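> based on what follows, work out the 3D shape:
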Amino acid sequence: MSTIPPSQGQASDKQEAVSDKHAPATPLRQGFEGQASYQSPEADLAKSGLPATPQNSQKNSNLLQGIGLVWELGWIIAVPVLILGFGGAYLDKKWGTAPWLLLAGFAIAFILSLAAAIHRVKEYLKTAP
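Got it, this is the predicted structure:
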């Protein structure tokens, strides 16, 4: 009588007993034959075909800094527009001057946002490599 090995994803009683006793402290990933194996980030980088160089980490750092700048610029533009736009609309409704204070609020928000965005981009360009 032949024994059939456990199918992928199923472990025998003996394998479960061993894996419970000796649980590794390192992260595990599922291997191709259903076995767990440790894989370091360096191994993932090697599989990707990219060389493990400081330039790759520098590119990622620059990308994250660029994403952070875009995020900041969004807030720099949105906050004044919302505050001054709603403020102008509220005062227009209260004093019956529609739409002049709303338009004035948007104009002031545009000027403030533009000045703050230019300042922030210049600051970013000074620190960028």
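> helix or strand right after whatever helix or strand residue 67 lives in?
In this assignment (DSSP states H and E), residue 67 forms part of helix 54-95. Reading on from helix 54-95 to the C-terminus, the next helix or strand found by DSSP H and E is helix 100-127.
> name the residues of that following helix that are buried.
Within helix 100-127, the residues that count as buried by 16 or more other C-beta atoms under 10 Å are 101, 102, 104, 105, 106, 108, 109, 112, 113, 116, 117. C-beta here means a position set from N, CA and C on the backbone, and glycine is covered the same way.
> hmm, back to that, for the helix holding residue 67, packing partners?
For helix 54-95, the packing partners by 3 or more C-beta pairs under 8 Å, 6 or more residues apart in numbering; DSSP states H and E come out as helix 100-127.
> packing partners for the helix it packs on?
Identification of packing neighbours for helix 100-127 by 3+ C-beta pairs under 8 Å, 6+ apart yields helix 54-95.
> between the helix it packs on and helix 100-127, how many degrees?
For helix 54-95 against helix 100-127, the angle by axes from the mean of the first three to the mean of the last three C-alpha atoms, to 10 degrees is 160 degrees.
> could I get the average pLDDT for helix 54-95?
Helix 54-95 carries an average pLDDT of 90.
> for residue 89, see how far away the closest residue to residue 76 other than its chain neighbours is.
Nearest non-adjacent residue to residue 76, counting by C-beta to C-beta, 6 or more residues apart in numbering: residue 116, 4.7 Å away. Distance of residue 116 to residue 89, computed by C-beta to C-beta, to the nearest Å: 22 Å.
> no further questions, thank you.
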